[in-house]
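Asks: Kindly return the folded structure for what I paste below:
(4 chains)
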There are 2 protein chains.
Amino acid sequence: MTLKPLYEHTNCDECPIRHRAVCAHCEKDELEALETIKYYRSFEAGQTLIWSGDQMNFVGSVVSGIASLTQTMEDGRTQMVGLLLPSDFVGRPGRETAPYDVQATTDLVMCCFRKKPFEEMMATTPHIAHRLLQMTLDELDAAREWMLVLGRKTAREKIASLLSIIARRDASVHKTGITGQVVFDLPLTREAMADYLGLTLETVSRQISALKRDAVITLEGKRHVTIPDMGRLMEEAGDDTDGGFLV
Amino acid sequence: MTLKPLYEHTNCDECPIRHRAVCAHCEKDELEALETIKYYRSFEAGQTLIWSGDQMNFVGSVVSGIASLTQTMEDGRTQMVGLLLPSDFVGRPGRETAPYDVQATTDLVMCCFRKKPFEEMMATTPHIAHRLLQMTLDELDAAREWMLVLGRKTAREKIASLLSIIARRDASVHKTGITGQVVFDLPLTREAMADYLGLTLETVSRQISALKRDAVITLEGKRHVTIPDMGRLMEEAGDDTDGGFLV
DNA sequence: CAGGTACTTTGACCGAGATCAAGTGGGAAC
DNA sequence: GTTCCCACTTGATCTCGGTCAAAGTACCTG
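Replies: Residues are numbered from 1 along each chain as shown, chains lettered A, B, ... in the order given. Purely as a prediction, here's the structure:
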């Protein structure tokens, strides 16, 4: 259970998520103020950072890795309600307790701020509050997109939707286009995908096999995915293909 | 198609949603500034205020009635992704085009602001921006709550969840407790409920009949609902009953 | 009052996805 | 190498909710 520090930078200038995180619009002096209240934490894959109902005493940004927000019913049924990628924000200023479990889906590094000082900064630093509003509105859009997926799409469309989102995000990070073929590693287990999509892991597995059989995707091992034709995948996802990819 | 003005007030002091809307935290002078850019509009039940993809040239608050946000796939499958009650905010500052259809589910009165001036005010009026952030975070929570409903609950639990939410909101508006029996009118058609819950209208109808048969609810006519025991309904919804009702 | 329209209910049947139950494969520990 | 473990795959069967179809009900209009 030894946690090696996976991060090499300690100041914001070298921060890989600097341009997208809550602090994106901060001026030099604001950034310096933030530096005084920030600290890094690492988590191992599978760890729960925060339990639903817990006191939240920090907020922060995902620096690397993936975190997920999960809701669980008494009988054990679980639904993932958020997938937090690098630069995404964790925590809710102005609220005492966490409404969901927050888990490290992969090994994870977070840039944390103690909650109180951060809230105080928000009040005095419009750039932070404004950026947080933008990010929250984006998350709300993403959540509503998922409501369509959960409520109305078939299992096959759900899988295709998830793959297409991961592929597009990956392409945008690596700055490769999304016209030709896209290659990436699935950062989620079949079970995590099932929890995200409101399916069982068996159905996830079956549908991935079906997409492979129909040459919509290619698999090397269980996790390494190649999408030969993004347009085809988007069709399978039931999305409008007439241009205009969001994000 | 004559639209009678359903609102009687024109200044913010008498506004019924004054204490909950975006303008809730505004000082007198800020309110006066808002008054100069605001105007009221009425819509009839069924009307579409904004089509997905449209230019949005106003934002605003629901004063009375109910509006809904809807996403539609090419083949006609639709999913409601937001239910906007009085005081809820419509529109997204900083974005050009609407991501969803906005429809009047009942007759509707909106307090509108032209978008440009409103965005300018937001930049100069921290009370508005801050309130909007709060409201957006609340909506995000609500959206995530719905993701659990859509992804993991049974048809019966879905209906019970919807009824419980409407009942609790109604109780909070009328300031009646939620311990004894709760009485309200369903503001949605069976089809709208189906679109909200990711079901068909037949299933909605059947499950409502079943809840009636099992004495979880009582119906007078199609829309007038009595909940004899809120605790029982919450159990049927699969929610934690151990206290702590949100909102 | 007759007829129309919009909303709702109910029935019969079917199929996508859940459930239950074996397997398979690959990496790590011994 | 062998064993264990865990993530994953695949098969057989069942079931909840969807689909198709037919009535029923309330309200509005002429």
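Asks: Tell me which stretches of chain A form helices.
Replies: Secondary structure of chain A, counting by DSSP state H: helices at A:28-37, A:115-124, A:126-152, A:155-174, A:190-197, A:201-213, A:230-237.
Asks: buried residues in the first one?
Replies: By that I understand helix A:28-37. A:Glu30, A:Leu31, A:Ala33, A:Leu34, A:Ile37 (16 or more other CB atoms under 10 Å in any protein chain shown). From N, CA and C alone the C-beta is placed, and that goes for glycine too.
Asks: Could you give the number of residues near A:Val63?
Replies: A:Val63 has 22 neighbouring residues, counting by other CB atoms under 10 Å in any protein chain shown.
Asks: which residues does it contact?
Replies: A:Tyr7, A:Cys15, A:Pro16, A:Ile17, A:Tyr40, A:Pro86, A:Val109, A:Met110, A:Cys111 (CB atoms under 8 Å, 6 or more residues apart in numbering or on different chains).
Asks: Then A:Lys212?
Replies: By CB under 8 Å, 6+ apart, the contact list for A:Lys212 reads A:Thr218, A:Leu219.
Asks: Just the contacts of A:Val63: which are in strands?
Replies: Counting by DSSP state E, the contacts of A:Val63 place A:Tyr40, A:Val109, A:Met110, A:Cys111 in strands.
Asks: any idea how far the last one lies from A:Asp88?
Replies: This points to A:Cys111. 11 Å (CB to CB, to the nearest Å).
Asks: Need the pLDDT of the most centrally placed residue in chain A.
Replies: Centrality entry for chain A: nearest residue to the mean C-alpha point is A:Leu84, 2.4 Å, by CA atoms, centre = their mean. We have a pLDDT of 94 for A:Leu84.
Asks: and the lowest-mean-pLDDT helix or strand in chain A, what other elements does it pack with?
Replies: Ranking every helix and strand in chain A by mean pLDDT, DSSP states H and E puts helix A:155-174 at the bottom, with a mean of 88. Under the contact definition 3 or more CB pairs under 8 Å, 6 or more residues apart in numbering or on different chains; DSSP states H and E, helix A:155-174 sits against helix A:126-152, strand A:182-185, helix A:190-197, helix A:201-213, strand A:224-227, helix A:230-237.
Asks: Let me know which of the ones you listed is the nearest to DNA strand C.
Replies: helix A:201-213 (3.1 Å; CB to the nearest atom of the strand).
Asks: How far off centre is that closest one?
Replies: Computed by CA atoms, centre = their mean, to the nearest Å, the chain-centroid distance of helix A:201-213 equals 23 Å.
Asks: The residue nearest to the centre of chain A and A:Val90 touch, don't they?
Replies: Yes. With contacts counted by CB atoms under 8 Å, A:Leu84 reaches A:Val90, the gap being 6.2 Å.
Asks: Overlap of the contact sets of the two?
Replies: A:Val62, A:Ala67, A:Val102.
Asks: Next one: the last one relative to A:Ile66, how far apart?
Replies: Think A:Val102. 11 Å.
Asks: Of the two, which one has the most company?
Replies: Shown here are A:Val102 and A:Ile66; by other CB under 10 Å, A:Val102 has more neighbours (24 against 20).
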